[in-house]
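In: curious how this folds, go ahead:
(2 chains)
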Number of protein chains: 2
Amino acid sequence: MPAAVLSIGTELTRGELVNSNASWLAEELTALGFVVQAHSTVADDVALIADELRRLGERSSVIVCTGGLGPTSDDVTSAAAAQALGVELVRDPSALAHIERLYAARGRHVSEASAQQADFPEGARVLPNPEGTAPGFELTVGRARCFFMPGVPREMQAIFRDSVRPTVGELAERTTHQRHVRTFGLPESQVAELLEGVEEAHEGITLGYRAHFPEIEVKVHARAESAADAEKLALRVTDLVRERLGEAVFGERDDSFAGAVGERLRDRGLTLALAESCTGGMVGAMLTAVPGSSEYLLLDAVTYANSAKTQILGVEQDLLRAYGAVSAECACAMAEGARRAGGSDVAVSITGVAGPGGGSEHKPVGTVWIALARKDEPTRMFRYQLDGDRDRVRTRAAYLALELVRRHAEGRSLDEGPALATCAEFRGA
Amino acid sequence: MPAAVLSIGTELTRGELVNSNASWLAEELTALGFVVQAHSTVADDVALIADELRRLGERSSVIVCTGGLGPTSDDVTSAAAAQALGVELVRDPSALAHIERLYAARGRHVSEASAQQADFPEGARVLPNPEGTAPGFELTVGRARCFFMPGVPREMQAIFRDSVRPTVGELAERTTHQRHVRTFGLPESQVAELLEGVEEAHEGITLGYRAHFPEIEVKVHARAESAADAEKLALRVTDLVRERLGEAVFGERDDSFAGAVGERLRDRGLTLALAESCTGGMVGAMLTAVPGSSEYLLLDAVTYANSAKTQILGVEQDLLRAYGAVSAECACAMAEGARRAGGSDVAVSITGVAGPGGGSEHKPVGTVWIALARKDEPTRMFRYQLDGDRDRVRTRAAYLALELVRRHAEGRSLDEGPALATCAEFRGA
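Out: From the prediction side, this is the model:
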């Protein structure tokens, strides 16, 4: 049951606009059980659009099409559809009345250009637009039921919900189900290695991978005879995927890493303070993006200047002079100072050289120290050497700090596991 | 000189990911002078990809293609390109050495699956990947020079800049030029109103708008007989656009708002401290994303808990009890406390109700107080009522705080101008 998404607009082909309509529609069609094999985007050009409609009409059962239905001279989708079918444009009286009503409400007359929004290829079924002036329409091109909608997302989504989904829903076989497993700490290639053989052992299962630095998301896509079977299959394989990837898994589709860490803190009734230097507030921003984070996060001291490290966290000037701000000693003093200043159960500190400047022979760009201070346990310091530009160094450092908090909250060892595999621990401290 | 953009990936055809690569590439190609007539997106399927390559190869002079070059089983782009040309895959020794080097740096061996990232269709030119393991490649399909890159945006962009742009730049007729003007503080409709008539008055000029919440970017696209004329025209109209949009303009294409604010601070030799509550470190993270920000940013005290406000910033408990944390009084005390604790020239504080919970009749979700403390001048407090969900409230609050700092650093009034037009100032303080 292949479906296609066709987007029309020169602002899209020139790249002035990111095409979020196509992904919205593709996700809807996939959820309905269609296999969306292809998306196309073409400029506002009658011949190009007509060609593309004919081509897609030969290979699809459903085409959803957006854009080019407005009142301006570059809105040529209706004309292109008429050309593709070799029919005339016909003005629809009820669509025209709708347009006239909306214009009258704003005290305006309908010009001939605006009235053209009521012109449709002969034989088309008009799809009312509850959110704007330009209606959509449906007709058959080749083998395909073809639905045309405006490009304004709100109008497109309303027409899809009211008129397209009820129609195409009957055409689809609802036999797919998808689950998402989110991980941190393993590179994509290792995730793939750990999941080797899963697809082969489970008929109907496709695994997909998406890298959202520094996370890897695994998608378990199941296809079966019935929707219930597909869901059962997806759940069974998702369990297997979670088992194979172990502690690297932190959640499902809508979970965030910071949210997962926060949940562990809440479960254990622990409070947290942060001391950030090179990450400059990123860890705090990640944690506080989650509603309710004030239950466990008490303080984030972003002590960018050494004077602030001394004043806020009590890091001694002698220590900074002797070891520098990027050192195990400073990380330790920052974490302990943050725990004291915030009055929290746990504190984590981050200090490093994010680059591009500031590196030296002994502390090259990417050197990061992270320390974890806890009640009644010695403070632990970890040294990392991180790859990439400023943004990557900072992002990975923020995740590694949260990973330490997560391990502590879960009562797990701080020394093992995938996320810390590249760390060289400072054992002398 | 038609060019095409081909995106490969089932996560795209299923709509799980918005295809921002296609618009990025289309914009680059358009800026180089190509006419991008069409974008296509196809699933990870050898036959579908090979068909699409052959089809686009007949009608394009250049194809840029992303996705499907990684180490997992759904990465089949190289195989598809080989099939389209009827050639074999050949392993490239220097690409393999590159992959081995990167893996070795992380203490890992290269599995057979990972080694396949060094397999290219016979006759392909390898395009080095400075940002990751999977190199790109170039070959000719039909009439088209065809460039294959990974789907990870940063890797794709690096390969495009290093290897694709220098090659295709010579193929294009450079008769277009594009400039970008970035703004904060005006809604899109008002930006468009202020620029009314500009396109009509300048033959060859197209204006485009892109909303990157809460920024609006204006693109000035110029087309002329020669590249030099196009550039001259674009520059002239860009000046006009900047003039019409006034203080809302903060920079050009690669400038960030936080970077622009930091530059003003550096120009004036001013240092800054922050006290964040509801934004939880976002302002600090934005400022410190800019290299060299340690020159002006001394401290960001993210005092999420009231106890931290008292302990770090000296906000009195009586004040918190009498007025609450979301109040002019608390914002004032936070800003002054941050300036004292950080030892800075200027300090800004943010405290508000980001939602979804925590609102009340007098302080509904979206209520935000921002205060600016300065040397030898009274501290000023501003109240905002912001729309939208938690993320939008926090993001706009962070921008508004930076806007106050920018105005102060530029010696401008704190009371006027577009960005603060919605603020109800607390005049009693």
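
In: tell me the mean pLDDT over stretch A:35-44?
Out: Per-residue pLDDT over stretch A:35-44 has a mean of 93.

In: and if you look at stretch A:3-22?
Out: Mean predicted confidence for stretch A:3-22 is 92.

In: how far away from the center of its chain is it?
Out: Centre-to-centre, stretch A:3-22 and its host chain are 19 Å apart (C-alpha atoms, centre = their mean, to the nearest Å).

In: give me the buried positions along that stretch.
Out: Taking 16 or more other C-beta atoms under 10 Å in any protein chain shown as the neighbour-count basis, stretch A:3-22 is seen to contain the buried residues A:3-19, A:21-22. No exception for glycine: its C-beta is placed from N, CA and C like everyone else's.

In: can you check stretch A:223-230 too?
Out: Using 16+ other C-beta under 10 Å as the test for burial, stretch A:223-230 gives A:223-224, A:230.

In: show only the entries of the residues you listed found in strands.
Out: Among the buried residues of stretch A:223-230, the members found in strands (DSSP state E) are A:Arg223.

In: now the buried residues of stretch A:223-230 in JSON lines, with distance to chain B and pLDDT?
Out: Putting the buried residues of stretch A:223-230 into JSON lines (distance: C-beta to the nearest C-beta, whole Å; pLDDT from 0 to 100) gives the following:
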{"residue": "A:Arg223", "distance to chain B": "12", "pLDDT": "86"}
{"residue": "A:Ala224", "distance to chain B": "17", "pLDDT": "88"}
{"residue": "A:Ala230", "distance to chain B": "14", "pLDDT": "91"}
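
In: re earlier: the buried residues of stretch A:3-22 in helices, which ones?
Out: In helices, defined here by DSSP state H, the members of the buried residues of stretch A:3-22 are A:10-13, A:21-22.

In: now, which of these lie close to chain B?
Out: Among these, proximity to chain B is found for A:11-13, A:22 (C-beta under 8 Å from any C-beta of the partner chain).

In: which residue lies farthest from the center of chain A?
Out: A:Asp318 (45.4 Å; C-alpha atoms, centre = their mean).

In: which SSE is that residue in?
Out: Assigned by DSSP states H and E, A:Asp318 belongs to helix A:317-323.

In: ok, is that helix in contact with chain B or not?
Out: No - on the criterion C-beta under 8 Å from any C-beta, helix A:317-323 is out of touch with chain B, staying 13.8 Å away.

In: against which helices or strands is that helix packed?
Out: Here helix A:317-323 touches helix A:306-313, helix A:328-342, going by 3 or more C-beta pairs under 8 Å, 6 or more residues apart in numbering or on different chains; DSSP states H and E.

In: any idea of the mean pLDDT for that helix?
Out: Average pLDDT, helix A:317-323: 96.

In: distance between it and the chain's centre?
Out: Centre-to-centre, helix A:317-323 and its host chain are 43 Å apart (C-alpha atoms, centre = their mean).

In: stretch A:390-404 now?
Out: Centre-to-centre, stretch A:390-404 and its host chain are 18 Å apart (C-alpha atoms, centre = their mean).

In: now stretch A:204-217
Out: Distance of stretch A:204-217 from its chain centroid, counting by C-alpha atoms, centre = their mean, is 12 Å.

In: repeat that for stretch A:187-202.
Out: 22 Å.

In: give me the buried positions along that stretch.
Out: In stretch A:187-202, counting by 16+ other C-beta under 10 Å, buried: A:187-195, A:198-199, A:202.

In: now stretch A:358-372
Out: Within stretch A:358-372, the residues that qualify as buried are A:358, A:363, A:365-372, counting by 16+ other C-beta under 10 Å.

In: let's have those in JSON lines, adding secondary structure and pLDDT.
Out: JSON lines is the format used below for the buried residues of stretch A:358-372 (DSSP: H, G, I helix; E, B strand; the rest coil; pLDDT from 0 to 100):
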{"residue": "A:Gly358", "secondary structure": "coil", "pLDDT": "89"}
{"residue": "A:Lys363", "secondary structure": "coil", "pLDDT": "93"}
{"residue": "A:Val365", "secondary structure": "coil", "pLDDT": "94"}
{"residue": "A:Gly366", "secondary structure": "coil", "pLDDT": "95"}
{"residue": "A:Thr367", "secondary structure": "strand", "pLDDT": "95"}
{"residue": "A:Val368", "secondary structure": "strand", "pLDDT": "96"}
{"residue": "A:Trp369", "secondary structure": "strand", "pLDDT": "96"}
{"residue": "A:Ile370", "secondary structure": "strand", "pLDDT": "96"}
{"residue": "A:Ala371", "secondary structure": "strand", "pLDDT": "97"}
{"residue": "A:Leu372", "secondary structure": "strand", "pLDDT": "97"}
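
In: which among the residues you listed gets closest to chain B?
Out: Closest to chain B out of the buried residues of stretch A:358-372 is A:Gly358 (8.4 Å), distances taken as C-beta to the nearest C-beta.

In: check contacts around the closest one.
Out: A:Gly358 is in contact with A:Val365, counting by C-beta atoms under 8 Å, 6 or more residues apart in numbering or on different chains.

In: now do A:Ala79
Out: Residues near A:Ala79 by C-beta under 8 Å, 6+ apart: A:46, A:89.

In: Three-state assignment for A:Met286, please.
Out: Of the three states, A:Met286 takes helix under DSSP: H, G, I helix; E, B strand; the rest coil.

In: quick check: pLDDT value at it.
Out: So, for A:Met286, pLDDT stands at 97.

In: wait, it sits on A:Ala260?
Out: No - between A:Met286 and A:Ala260 there is no contact under C-beta atoms under 8 Å: 11.1 Å.

In: more neighbours, these two?
Out: The neighbour comparison of A:Met286 against A:Ala260 (other C-beta atoms under 10 Å in any protein chain shown) goes to A:Met286, with 26 against 18.

In: distance check, that one against chain B.
Out: The gap separating A:Met286 from chain B is 8 Å, by C-beta to the nearest C-beta, to the nearest Å.

In: got a list of what that residue touches?
Out: A:256-258, A:398, A:402.

In: one more time with 10 Å, if that's ok
Out: A:256-259, A:261-262, A:279, A:293, A:395, A:398-399, A:401-402, B:280-282, B:285 (C-beta atoms under 10 Å, 6 or more residues apart in numbering or on different chains).

In: A:Trp369 now?
Out: The contact partners of A:Trp369, by C-beta under 10 Å, 6+ apart, come to A:277-278, A:325-332, A:334-335, A:349-353, A:363, A:381-384, A:397, A:426.

In: find the nearest non-adjacent residue to it, please.
Out: Computed as C-beta to C-beta, 6 or more residues apart in numbering or on different chains, the closest residue to A:Trp369 that is not its neighbour in sequence is A:Ala331, at 3.9 Å.

In: thought A:Val152 was touching A:Asp75?
Out: No - using C-beta atoms under 10 Å as the test, A:Val152 is too far from A:Asp75 to be in contact (11.9 Å).

In: these two: which has the busier surroundings?
Out: Comparing A:Val152 with A:Asp75 by other C-beta under 10 Å, the one with more neighbours is A:Asp75, at 21 against 18.

In: does the more buried one touch A:Pro150 like I think?
Out: Yes - if you go by C-beta under 10 Å, A:Asp75 and A:Pro150 touch, sitting 9.1 Å apart.
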